[in-house]
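K.L.:
need a structure here:
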Amino acid sequence: QVSGGEDEIQQLQKALLDYLDENTETDASLVFSRKFYIAQWFRDTTMETEKAIKSQKDEDSSEGTHHAKDVETTGKIMHRAESRKKFLRSIIKTAPSQFSTLKMNSDTVDYEDACLIVRYLASMRPFAQSFDIYLTQ
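P.N.:
Presented below is the predicted three-dimensional model:
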């Protein structure tokens, strides 16, 4: 369960990274997995920001009637992206052994919960969301 105070995705990412950090002693490949997820999430956030900027520029050139609403939405996307990037940068700067002090709560995530988190986060990716379109084509 996640509390409503923070970004839900960010809390799930924290939980998954915490799980990976706790289990690096038993499986050395989890160190790579942890770094891969951090890099992939940072890239996704950057791509989301670039899409928002591009869509705003496209709207500016066409001068649509919903311009103010689009600017507000783009601003929210940019703010959320910057907070996610700040979170990921803080994780990168934190040594894996120190990350356990940043736990979101005292409950630990077990293997089944980690698998569920990975599936949920993967379902939020653009390819997973457009998979039905690819199948029908």
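K.L.:
By mean pLDDT, which helix or strand of the protein comes out lowest?
P.N.:
helix 96-99 (a mean of 53; mean pLDDT, DSSP states H and E).
K.L.:
C-terminal to that helix, what's the next element?
P.N.:
Once the chain leaves helix 96-99, the next helix or strand it forms, by DSSP states H and E, is helix 111-123.
K.L.:
Check the offset of the next helix or strand after that following helix from the chain's centre.
P.N.:
Under the assignment DSSP H and E, the closest C-terminal helix or strand after helix 111-123 is helix 126-129. Distance of helix 126-129 from the chain centroid (CA atoms, centre = their mean, to the nearest Å) equals 14 Å.
K.L.:
Residues contacting the helix or strand following helix 126-129, please?
P.N.:
Going down the chain from helix 126-129, the next helix or strand is helix 131-136, by DSSP H and E. For helix 131-136, there are no external contacting residues (CB atoms under 8 Å, 6 or more residues apart in numbering). In this view, the C-beta of every residue, glycine as well, is placed from N, C-alpha and C.
K.L.:
Let me see the mean pLDDT of helix 131-136.
P.N.:
For helix 131-136, mean pLDDT is 76.
K.L.:
All set, thanks.
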